[in-house]
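Undergrad: I'll drop the sequence and a predicted model, then ask my questions.
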Amino acid sequence: MISPAHYVALAVILFVIGGVGVLVRRNAIIIFMCVELMLNAVNLAFVAFSRMHGNLDGQVIAFFVMVVAAAEVVVGLAILTTIYRARRSASVDEANLLKY
Amino acid sequence: MTASHLVLATGAAATTRSITFWALAIIAVGAALGMVLARRAVHCAVLLAIVMLSLAVLYALLGAPFLAFVQVIVYTGAVLMLFLFVLMIVGVSSSDSIVETIRGQRLAAAVVGIGLLVLLSLVIGHAAIGPAVSTGPAYSTSNLQGIAQLIFTTYVWPFEITSALLITAALGAMVLAHRERLSPKPTQRVLARQRVSGGRPAPLPGPGTYARHNAVDMPALLPDGTPAELSVSPVIASRGEFNPRLPGPDEFTATDLGAAAPHAGELGAPEPGGAERGGQESGASESEASEHEGAR
């Protein structure tokens, strides 16, 4: 029998994979995708907990997370295209002007 | 229907649920791992789409049909398509370099990942995550009504704030992605002058002209049999993905040209001189390799 604990465990695994991806990858777009994966994992945990409690609040919160993630992706990708236009590269190592 | 029938039915449903869960969990974790490991950004996007679709089915399994559809429409449909659009702008062939810029970064990331996994596992191991309570119609037929009631009563203020957030995001994207034109737009007159004075008044040759195939990655052949590099889009040429069966300039004889030219458009035409093809292909791979070096 699959209990909400199984779903939460799956969410944890996906969250950790996304986090490692953010740390390892250097293409800014792929880093963004890994952030999306982490947000999705958290959504899964929300829905599982909502199922556990038997009310719909968790689903509503997951819905809000989706809305915020969509807004974040729009602005983030616009920033990425601007950076790419200026530096001809999507690597996060190239955007280092503030370093010196 | 007797009680034993009911028990049997619920047991079968539970088995189906657990099979679906395990299959989707394996698919999602495998695709997520592949997303972290794949070098091409496009492959990452496709693998992320797989993860999101399996999560949508998991939502449906958890009794959240509205969220399942929103997941498919908003995430897989809109967000990932936006990712793919930006990938097309930035360059489809953009792939990560495998050189570590910070020494020991991968190792440290792996250690941090394992630490996070252990920490979170401990947390959810200690938390009392109970079984799913028996739920009413809010989890099947009237899921949408229940969510709507919550959004427009308890969460009406956050919901209003998200509208402001969405408008701000749309404005921000427009402002950030907008590019001011620094030079006047070239008129038709300017373009015509450029073309005539540029040394090439005719259009560029299309790919595949007089070649064996007319695929877009097949360079056109000049009258002397050499491939015309201008005929292939620089995007394809820079990826080094020429057709491997491209005949090199030296083994493409005049008789071959005469035989091949009428069939230029026919992909399935039998190739003349099938016996020589082995030798041709080795020569072709050689010439492709040299061309590859030249492109770098």
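TA: Yep, it's here. Since this is a predicted model, take the numbers as computed values, not measurements. Residues are numbered from 1 along each chain as shown, chains lettered A, B, ... in the order given.
Undergrad: Would you map the helices across the chain?
TA: Going with chain A. A:4-24, A:28-53, A:57-87 (DSSP state H).
Undergrad: meant chain B actually
TA: B:3-37, B:41-61, B:65-70, B:80-90, B:105-126, B:143-152, B:156-177, B:188-197, B:234-239, B:254-260, B:277-295.
Undergrad: can you put the ones you listed in CSV and add mean pLDDT?
TA: As requested, those are exported to CSV (pLDDT from 0 to 100):
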stretch, mean pLDDT
helix B:3-37, 83
helix B:41-61, 93
helix B:65-70, 92
helix B:80-90, 88
helix B:105-126, 91
helix B:143-152, 90
helix B:156-177, 93
helix B:188-197, 88
helix B:234-239, 71
helix B:254-260, 45
helix B:277-295, 41
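Undergrad: Counting neighbours, what do you get for residue 55?
TA: Because you didn't say which chain, this covers chain A. A:N55: 17 surrounding residues under other C-beta atoms under 10 Å in any protein chain shown. No exception for glycine: its C-beta is placed from N, CA and C like everyone else's.
Undergrad: hmm, I had chain B in mind actually
TA: Neighbour tally, B:L55, other C-beta under 10 Å: 27.
Undergrad: Give the full set of residues in contact with it.
TA: Shown in contact with B:L55 (C-beta atoms under 8 Å, 6 or more residues apart in numbering or on different chains): A:40, A:43-44, B:28, B:71.
Undergrad: how about the residues you listed in TSV, adding distance to B:I114?
TA: Shown next, in TSV, are those (distance: C-beta to C-beta, whole Å):
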residue	distance to B:I114
A:N40	21
A:N43	24
A:L44	21
B:A28	20
B:Q71	29
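Undergrad: Go through the helices of chain A and pick out the most buried.
TA: Per-stretch averages of neighbours, counted by mean count of other C-beta atoms under 10 Å in any protein chain shown, single out helix A:28-53 among these, with a mean of 23.
Undergrad: just checking, what packs against it?
TA: On a contact count with 3 or more C-beta pairs under 8 Å, 6 or more residues apart in numbering or on different chains; DSSP states H and E, helix A:28-53 meets helix A:4-24, helix A:57-87, helix B:3-37, helix B:41-61, helix B:80-90.
Undergrad: Taking helix B:3-37 as reference, get the angle to that helix.
TA: 160 degrees (axes from the mean of the first three to the mean of the last three C-alpha atoms, to 10 degrees).
Undergrad: could you give me the average pLDDT of helix A:28-53?
TA: Across helix A:28-53, pLDDT averages out at 92.
Undergrad: now it, how far from the centre of its chain.
TA: 6 Å (C-alpha atoms, centre = their mean, to the nearest Å).
Undergrad: Kindly report the same for stretch B:116-130.
TA: Here stretch B:116-130 is found 34 Å from its chain centre; the criterion is C-alpha atoms, centre = their mean.
Undergrad: One more: stretch B:151-171?
TA: Chain-centre distance of stretch B:151-171: 31 Å, with C-alpha atoms, centre = their mean.
Undergrad: If I follow the layout properly, B:R212 ends up in contact with B:G225?
TA: No: applying C-beta atoms under 8 Å as the test, B:R212 and B:G225 come out as separate, 12.0 Å apart.
Undergrad: Neighbour count: the two, which is higher?
TA: Comparing B:R212 with B:G225 by other C-beta under 10 Å, the one with more neighbours is B:R212, at 22 against 17.
Undergrad: For that one, report the pLDDT, please.
TA: Looking at B:R212, the pLDDT reads 75.
Undergrad: domain parsing for chain B?
TA: B:15-91, B:220-266+B:276-295 (automatic domain parsing).
Undergrad: Within range of chain A, give me the residues from the stretch 151-296 of chain B.
TA: B:151, B:154-155, B:158-159, B:162, B:165-166, B:168-170, B:172-173, B:176-177, B:179 (C-beta under 8 Å from any C-beta of the partner chain).
Undergrad: Show me which of those are buried.
TA: When these are checked for burial by 16 or more other C-beta atoms under 10 Å in any protein chain shown, the buried set is B:151, B:155, B:159, B:162, B:165, B:169, B:172-173, B:176-177.
Undergrad: residue closest to the middle of chain B?
TA: Centroid-nearest residue in chain B, with C-alpha atoms, centre = their mean: B:V42, separated by 3.3 Å.
Undergrad: wouldn't that one be in contact with B:M88 here?
TA: No: with contacts counted by C-beta under 8 Å, B:V42 stays clear of B:M88, the gap being 9.2 Å.
Undergrad: Need the pLDDT of the closest residue in space to B:L204 that isn't next to it in sequence.
TA: In space, and not counting its chain neighbours, B:L204 is closest to B:L230: 5.3 Å by C-beta to C-beta, 6 or more residues apart in numbering or on different chains. At B:L230, the pLDDT value in this model is 79.
Undergrad: thinking again about what came up before, pick out whichever of the contacts of B:L55 sits closest to B:H126.
TA: A:L44 (19.8 Å; C-beta to C-beta).
Undergrad: What score does the nearest residue to the closest one once chain neighbours are set aside have for pLDDT?
TA: Leaving aside its sequence neighbours, A:L44 sits nearest to A:A11 (C-beta to C-beta, 6+ apart; 4.3 Å). Note on A:A11: pLDDT of 95.
Undergrad: so B:G208 makes contact with B:V232?
TA: No: if you go by C-beta under 8 Å, B:G208 and B:V232 don't touch, sitting 9.4 Å apart.
Undergrad: Among those two, which residue is more densely surrounded?
TA: Using other C-beta under 10 Å, the more surrounded residue of B:G208 and B:V232 is B:V232, with 24 against 21.
Undergrad: Enumerate every residue touching the residue lying closest to the more buried one once chain neighbours are set aside.
TA: Closest residue in space to B:V232, ignoring its immediate chain neighbours: B:P219 at 4.9 Å, by C-beta to C-beta, 6+ apart. Under the criterion of C-beta under 8 Å, 6+ apart, the neighbours of B:P219 are B:207-208, B:211, B:227-229, B:231-232, B:242, B:246.
Undergrad: just A:H6 next, same as before
TA: B:21, B:25.
Undergrad: if you set the cut-off to 7 Å instead, what comes out?
TA: Neighbouring residues of A:H6 by C-beta atoms under 7 Å, 6 or more residues apart in numbering or on different chains: B:F21.
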